[in-house]
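A.B. asks: The sequence and its predicted three-dimensional model are supplied below.
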Amino acid sequence: MSLRKLEILQWFGLLGGALVWTAQHVVGYGITEAECGAGGLHWGIQNDVWQGALMASAAAFVVAAELAAITVIVATRRSSYESPPPPGRVRFFAIAAAVANVIFLMIILLDGFAAILNVTCRQG
Amino acid sequence: MTDYVAVPRTAGPRLSNSAGWWGMVILVASEATLFGAFIGTYFYLRFRTTPWPPDGIPKPALVVPLILLACLVATTIPMSFASRAAQAGRLRATRFFITLVLLVEAGYFAYEVHDFADQIQRVDITRNAYSSIYYTLLGADHAHVLIAVLFNLWLLAKLTRGFTTYRLNAVRAITFYVYAVNVLTIVVFGTLLSARA
Amino acid sequence: MAIATPPTPAAAQRMDRLEVMWQSRPGVLGWLTTTDHKRIGLLYFWTTLVLFGAGGVEALLIRTQLAQPNEHVVSPETYDQLFTMHGITMIFFFIIPMTTGAFGNYLIPLMIGARDMAFPRMNALSFWIFLASALFIYTSLFMGSAPNAGWFDYVPLASKEFNPGRNIDFYALGIIFNSISSTLTAGQFIVTIFKSRAPGMSFNRMPLFCFAFLAASFGLLFALPALSADTIFLFLDRNVHTHFFDPSHGGSVLLWQHLFWIFGHPEVYILIVPAFGIATSIIPAFTQRKVVAFPLVAVAELLVVFVGFGVWAHHMYAVGMSTISMVFFAAGTAMVVIPSTIQVFAWCMSFVTGTARFKTPLLFIAGFIFMFVTGGLTGIMFVAIPFDQQVTDTYFIVAHFHYIIFGAAVFPIFGGMYYWFPKVTGKLYYELPGQISFWILFVGTNLLFFPMHIVGLLGMTRRVSTYPDGLGWTAYNLAETIGGFVTLAGILLLLGNLFYSYLRAPAAGPDPWHGPTLEWTTSSPPPDYDYAVIPRVSSAYPNWDPVDREFDRRNLADGVLVLERGHEQPAVTPVDARFDEIVQMPHESPWPPILALALSLVFLMLVIGRYGVAGIMGIFCLLALAGWHSTEPQEQ
């Protein structure tokens, strides 16, 4: 695989998961504030639909980022993370991304399922 | 014994952006986050308030702000020409385009100050939470346009004495700032005008 | 370039030339106008030590007041100012400036093989603004109007209606003032780490210390604006009569809390991550092996701050938010533990698989791991919303965060003081008093903070100036106070040992520990120019690469990469550190202290309500900035 392709996959793997979790977390929480607040009640936001869609799309994106990271790790298996750049650096970031994306996926799933399974707008 | 031998100074273009440019990116990131907090506040307050704007406050005007916004955002074009001219070493062209940007920005800012004063006379900032966040957000945006004006003034002053690496870095960095302020103003106006929905 | 072998005559000549080029101006004026990262680091070090003392006095007064029931050592009003100032001082004026300002400034250029930070004058400005902000806030204490609504200063207690004096105006403005310094420092570190690394030090070859400081810098950069927005709103509400936090006019009291904790939670990771960086430097040196799972530890440092941005409302479980809002933060809080755990496992494995020498620095790191894990375990308990709702605002929380802050931030700071003492002073500290100081501190802090768990579960709420007898709290409070004074003894022994060692101890040489990173390749203390030759780097443990160090020695003899034509250092590409260009660095300048002074006047005028004059002072700031930029570095 060409270095350019590896680099693109590496950056996508490293940053994609982080950015999409940020979006799902902020928008997901924002939806709960909007739907339960006086100003947003009449907007008719369907909590479960929105949270479900957000969780599914974010999870899919993170899985894609994870696959990208794993692809890079496999493609650089003859280097080590201590090797000179670019291959060493690319492998290093891909290993980092592979671990990070698992954590992001778990938060996304916890966020989404909890927001759906709890009673909407009940004070806690 | 050989005398001092430096690593050959690269006469060609550098490989990556200068530290000064990165410093400007950092500044913009910090300010963008500040505006993120302001915009988050706007929506947080809006989610708990009905109607929005509250009774007695008119919805924000649409046409004139959008025309002004378009004028400001249009400075992206001459600013990019200024940056390109600087990289090519064309001093007069650089100064011409920066002056153009400066005039539009200054005109925009002057009108907005007048309009801001006008609005605040009719609906004071102390009216309620809506007016508090409205004027704070708008005022902060105008202040950042003023900073762009000041940056460009300084740049013109510096460029009277020609180019140096430092000044070339400055042109690139300030170009980035101008782009950022234009994007910021789009986002801020979009937020404030969403009250019309 | 290890200087165990004497340099050739040509090399010695080059070092002399560099010495002359980079020499600091003598005397007080030299310190006032310095832009040398090492001098700025030392200025931060001494200033933060004094402020640590102030915060400690506040703490001991609190503990004395609470030692017995119904005490009258201080009035309730004074007590409020004491615990507020204790929190503000320890967080904003001790830990952040000590880790970032002192350790970060001194060590980052050395660790990346640079001669200075990317923006040396701005570095000095950070210090002078920090000092000014500390003086600003402490002025309020001497006026008897110190902030008094807790370090998180909730409205409506902090509003004009319930707090009409200047106390909260000092808080709001002081916080904004201080945040300017920290923001500049954060930007400084990010750009320096991106652009000023030695050629060849790609990210996979960068020391973990630098990853930690990069993470903390990004944290500061993105967290501080939320606090600035919050305090701007507070200042406007109090002085201009806006209604951000006023529910009767459409505002929200919770808005303060959200914005505060969007800053406040990342802040606590910013407090401990640099300390992780210190720990992760000490461990390889005293186990003589590379850190286990290097890429995982590096990403964990960045992740803990990044995920930490998504957990803020776990400080707000008891305010009445809906459950579906709170679960987002419970999810994040549960998962944010994982990166910290990865690091702890990696460190423990490094201990077990290396040859551990328990000198004083490593003792402090062992203590840090013990206390961090203890504090972390109580932290995990707060993931459970119902449990948190019972213990929030009790001493259980106070116990948790002091175990984390004292254990995970202060212990590594103390360990780092011992570890780098030989590098900074050129002397080797006395080992036995060092070890004794550790044990006294370990016993003292556990005696001080552990009983707080129990007394919190027994119902003692935080921020009470006294308590009645007969609730079963008395013995625990007394034990805590005794623990506080034992801790004081440990700190005094530690500082006394370092001071005495500075005066009397034997020379340390450049590399007493056979440490892994670049700072151990240069002299102790380092020369003004840090490195005679820009070092060649092919791993994250450059001092353990003899081939590269030999290469440097030859380069120095041949005059390659010595960069002695001016105040020069190389710039590299951000990701792979390929050599890009040579940059002229500015040196001594009067503008940083001048600008800091002008900015102080702005804040002073704002706090006394003279807004017009503040505006004029603002114009002076702009003039100072213009003056600063009137000469370019190559013209100096």
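C.D. replies: Noted; the coordinates are in hand.
A.B. asks: Report the closest residue of chain B relative to chain A.
C.D. replies: Closest to chain A within chain B is B:Phe47: 3.7 Å, counting by C-beta to the nearest C-beta. To be clear about C-beta, it is placed using only N, CA and C from the backbone, and glycine gets the same treatment.
A.B. asks: Compute the number of surrounding residues for the residue nearest to that residue when sequence neighbours are not counted.
C.D. replies: Spatial nearest neighbour of B:Phe47, excluding adjacent residues (C-beta to C-beta, 6 or more residues apart in numbering or on different chains): A:Gly37 at 3.7 Å. A:Gly37 has 21 neighbouring residues, counting by other C-beta atoms under 10 Å in any protein chain shown.
A.B. asks: Surely A:Gly37 is in contact with B:Leu45?
C.D. replies: No. A:Gly37 is beyond contact range of B:Leu45, at 9.4 Å (criterion: C-beta atoms under 8 Å).
A.B. asks: if I look at the residue nearest to B:Thr126 when sequence neighbours are not counted, how far off is chain A?
C.D. replies: Nearest residue to B:Thr126, sequence neighbours excluded (C-beta to C-beta, 6+ apart): C:His241, at 4.5 Å. The spacing between C:His241 and chain A, counted by C-beta to the nearest C-beta, to the nearest Å, is 23 Å.
A.B. asks: Okay, and C:His241 sits in which element?
C.D. replies: For C:His241, there is no host helix or strand (DSSP states H and E).
A.B. asks: What is the neighbour count of it?
C.D. replies: Counted with other C-beta under 10 Å, residues neighbouring C:His241 total 14.
A.B. asks: any idea of the pLDDT on it?
C.D. replies: Here, the pLDDT recorded for C:His241 equals 97.
A.B. asks: Can you read off the backbone torsions of it?
C.D. replies: Here is the backbone geometry of C:His241 (degrees, to the nearest 10): phi 70, psi 40.
A.B. asks: now it: how far from C:Ala149?
C.D. replies: 19 Å (C-beta to C-beta, to the nearest Å).
A.B. asks: Can you list the low-confidence ranges for chain B?
C.D. replies: For chain B, applying pLDDT under 70 flags the ranges B:1-12.
A.B. asks: how about the helices in chain B?
C.D. replies: For chain B, helices defined by DSSP state H occupy the ranges B:19-47, B:63-74, B:76-87, B:91-122, B:129-159, B:165-193.
A.B. asks: swap in chain A?
C.D. replies: Taking DSSP H, the helices of chain A run over residues A:3-11, A:17-36, A:47-75, A:87-117.
A.B. asks: Tell me which of the ones you listed is the most buried.
C.D. replies: Ranked by mean neighbour count, the helices of chain A are led by helix A:87-117 with a mean of 23 (mean count of other C-beta atoms under 10 Å in any protein chain shown).
A.B. asks: Could you quantify the relative orientation of that one and helix A:17-36 as an angle?
C.D. replies: 20 degrees (axes from the mean of the first three to the mean of the last three C-alpha atoms, to 10 degrees).
A.B. asks: residue in chain A nearest to chain B?
C.D. replies: Residue nearest to chain B within chain A: A:Gly37 (3.7 Å; C-beta to the nearest C-beta).
A.B. asks: List phi and psi for that residue.
C.D. replies: Phi and psi for A:Gly37, reported as degrees, to the nearest 10, are phi -90, psi 160.
A.B. asks: Is it possible to get a markdown table of the helices of chain A that adds mean pLDDT?
C.D. replies: Formatted as a markdown table, the helices of chain A follow (pLDDT from 0 to 100):
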| stretch | mean pLDDT |
| --- | --- |
| helix A:3-11 | 96 |
| helix A:17-36 | 96 |
| helix A:47-75 | 97 |
| helix A:87-117 | 97 |
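A.B. asks: looking at the ones you listed, which is closest to chain C?
C.D. replies: Chain C lies closest to helix A:87-117 among the helices of chain A, at 3.5 Å (C-beta to the nearest C-beta).
A.B. asks: which helices and strands sit right next to that closest one?
C.D. replies: Based on contacts counted as 3 or more C-beta pairs under 8 Å, 6 or more residues apart in numbering or on different chains; DSSP states H and E, the elements that helix A:87-117 packs against are helix A:3-11, helix A:17-36, helix A:47-75, helix C:294-308, helix C:323-353.
A.B. asks: mind checking which of those helices is nearest C:His72?
C.D. replies: Judged by C-beta to C-beta, the one of these that comes nearest to C:His72 is helix C:323-353, at 40.1 Å.
A.B. asks: got the angle for the closest one vs helix A:87-117?
C.D. replies: On the basis of the same axes, to 10 degrees, helix C:323-353 is oriented at 140 degrees to helix A:87-117.
A.B. asks: Can helix C:323-353 be said to contact chain B?
C.D. replies: No. If you take C-beta under 8 Å from any C-beta of the partner chain as the test, helix C:323-353 misses chain B, and the best it gets is 11.2 Å.
A.B. asks: Counting by contacts, list what that helix packs against.
C.D. replies: Packing partners of helix C:323-353 (3+ C-beta pairs under 8 Å, 6+ apart): helix A:17-36, helix A:87-117, helix C:253-287, helix C:294-308, helix C:360-381, helix C:385-391.
A.B. asks: can you redo the ones you listed as a markdown table with distance to B:Val171?
C.D. replies: Conversion of these to a markdown table gives the following (distance: least, C-beta to C-beta, whole Å):
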| stretch | distance to B:Val171 |
| --- | --- |
| helix A:17-36 | 30 |
| helix A:87-117 | 31 |
| helix C:253-287 | 34 |
| helix C:294-308 | 33 |
| helix C:360-381 | 48 |
| helix C:385-391 | 53 |
